[in-house]
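Peer 1: predicted structure and sequence below. I'll ask about it afterward.
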Amino acid sequence: MSETPDDLRYASTHEWARLDDGSVVVGISDYAQDALGDVVYVELPEVGQEVQAGEEIAVVESVKAASDIYAPVGGVVEAINEALDDGPEIVNQDPYGDGWFFQIAPDDESQLEDLLNAEAYAELCAAEQD
Amino acid sequence: MSNGYRKTALHDACIAAGAKMAPFAGWTLPLRFGSQIAEHRAVRAAAGVFDVSHMAIFDVGGAGAPPLLRRVLAGDVARLTSEGQALYTLMLNESAGIIDDLLAYRQGDGYRLVANAANRQAVGGWLKHMAGSDATVRERDLALVALQGPQALELFEDAYGAGTDRLKPFHAMVLGDWMLARTGYTGEAGLEIMLPNADAPGLWSRLIAAGAAPAGLGARDTLRLEAGLKLHGQDMDADTTPLEAGLRWTVHWQPEERRFIGREALAKQAAEGARTQLFGLVLEGRGVLRGGQPVFSAAGEGEVTSGIFSPTLGYSIAFARLPSNAAGPAEVLIRGKQHKASLVRPPFVRGGRPAFKELK
């Protein structure tokens, strides 16, 4: 079973988002990393890039497939996880921690409310698995 | 997930070992057990064990077996002069398109063929259609376990003491109801073991207890591609000829009077020259080559037939179909962006090291 921590919000496209001191940190869920298999390459957005909620702003390539990563909230990218350049496997090892993708300064924190809570996201994953 | 899919004799053992299962050619098979890359590395460095029981196994016997196989296979089984000797060969249609690639083993008074699961009906149907009353074609319901890696033979001998370490590559021996063959699809030393379904779980657990890593179809695909081995259905099919698939070496033209199916069409193409060819492709920079991506070279356009991220090399490699005179630099369109790539001659990896040559 994959983990879905209660303190995060989730997009139906399998990103997680965490509000951290006014910034929104984004990564992919444990379910997503397990479904993708070994991650071999992550293409991240540029720092300073303006993004809209739902916009494709990153790509994760695994042994299995390439997948688009969508911004869960609109705003400005203020940091990216450069450690993924040399260590894409961190996404598999620690999807909710060191395997984060990017951090957004949100236009509107309340956009997080549009995302799924842990329970709803876990249900979605269970339905996908059937 | 497994509804409607055939299960191998190792299905429960694979599930117990934590397999993520995936549908393949009508079967549910282990895609990976944990990290696919870790499985790949285990096979390159030590030994891995694969459940490939979905492969189709046919025993062909009777006085009519040699003429039948000499007609339907582009390689000549008359060259299998000793018991257990194996041949990698192709079954062609009249236009010299590849119906399947398969292994043919000499056994007893006949032959055993191991074909791709996806081509079970095509191969079995064609064999039966072409067989005269003096040849028998019997499909076997056997398990097939591949033990592959530099330590595979030693590991097997420690466990079973069967003498497979004295077996030459592309030779098989019989051990009771089992056939042990020094063949594989990874580029490493190893065995492919055909055995009764009832014996398979015991073999599987004993090999794992002896230190072989369970490995799935995902690792099998990256291992075969690194080794420069083509996959039917991706790198070749019924519309590509051996000349277009880099498999000319498998065709036995001698003796002249052997009229194997596809010979005429193939001889005509050999005289005229094939328009396209399968090339090795190495991606410069980051990204992953995958089947279907368009490739551009000075000689013209083509496409990736199968591509992977190579765990051994740390970058992406592929087979690509391009005009035969292609050479030098190429560009690949990956998700709307042009990426630089080089055309190379496979294998990509041998003995765990880079082995490809650039085509300037």
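Peer 2: Sure, I can see it. Residues are numbered from 1 along each chain as shown, chains lettered A, B, ... in the order given.

Peer 1: need the residue closest to the centroid of chain A.
Peer 2: Centroid check for chain A by C-alpha atoms, centre = their mean gives residue A:27 as the closest residue, at 2.6 Å.

Peer 1: assumed residue B:132 was part of a helix.
Peer 2: No. Going by DSSP: H, G, I helix; E, B strand; the rest coil, the assignment for residue B:132 is coil, not a helix.

Peer 1: so it is in contact with residue B:64, correct?
Peer 2: Yes. If you go by C-beta atoms under 8 Å, residue B:132 and residue B:64 touch, sitting 4.6 Å apart. From N, CA and C alone the C-beta is placed, and that goes for glycine too.

Peer 1: that older thread, sec struct for the residue nearest to the centre of chain A, please.
Peer 2: strand.

Peer 1: among residue B:132 and residue B:64, which residue is more densely surrounded?
Peer 2: Using other C-beta atoms under 10 Å in any protein chain shown, the more surrounded residue of residue B:132 and residue B:64 is residue B:64, with 16 against 12.

Peer 1: can you report phi and psi for that one?
Peer 2: The phi and psi values for residue B:64, taken as degrees, to the nearest 10, are phi -90, psi 0.

Peer 1: residues contacting it?
Peer 2: B:131, B:132, B:133, B:134, B:135 (C-beta atoms under 8 Å, 6 or more residues apart in numbering or on different chains).

Peer 1: adding distance to residue B:82, write the residues you listed out as TSV.
Peer 2: Below are the contacts of residue B:64 laid out as TSV (distance: C-beta to C-beta, whole Å):
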residue	distance to residue B:82
B:131	24
B:132	26
B:133	28
B:134	23
B:135	21
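
Peer 1: any of these buried? List them.
Peer 2: B:131, B:135 (16 or more other C-beta atoms under 10 Å in any protein chain shown).

Peer 1: rebuild the contacts of residue B:64 as a markdown table, extending it with pLDDT and distance to residue B:260.
Peer 2: Listed next are these as a markdown table, based on pLDDT from 0 to 100; distance: C-beta to C-beta, whole Å:
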| residue | pLDDT | distance to residue B:260 |
| --- | --- | --- |
| B:131 | 97 | 15 |
| B:132 | 92 | 16 |
| B:133 | 96 | 21 |
| B:134 | 97 | 19 |
| B:135 | 98 | 16 |
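
Peer 1: looking at the contacts of residue B:64, which is nearest chain A?
Peer 2: residue B:131 (40.7 Å; C-beta to the nearest C-beta).

Peer 1: list the contacts of the closest one.
Peer 2: Contacts of residue B:131 (C-beta under 8 Å, 6+ apart): B:60, B:64, B:68, B:137.

Peer 1: one more: residue B:342?
Peer 2: Contacts of residue B:342 by C-beta under 8 Å, 6+ apart are B:281, B:282, B:284, B:328, B:329, B:330, B:358, B:359.

Peer 1: in strands, which of those residues fall?
Peer 2: Those of the contacts of residue B:342 mapping onto strands are B:281, B:282, B:329, B:330, B:358, per DSSP state E.
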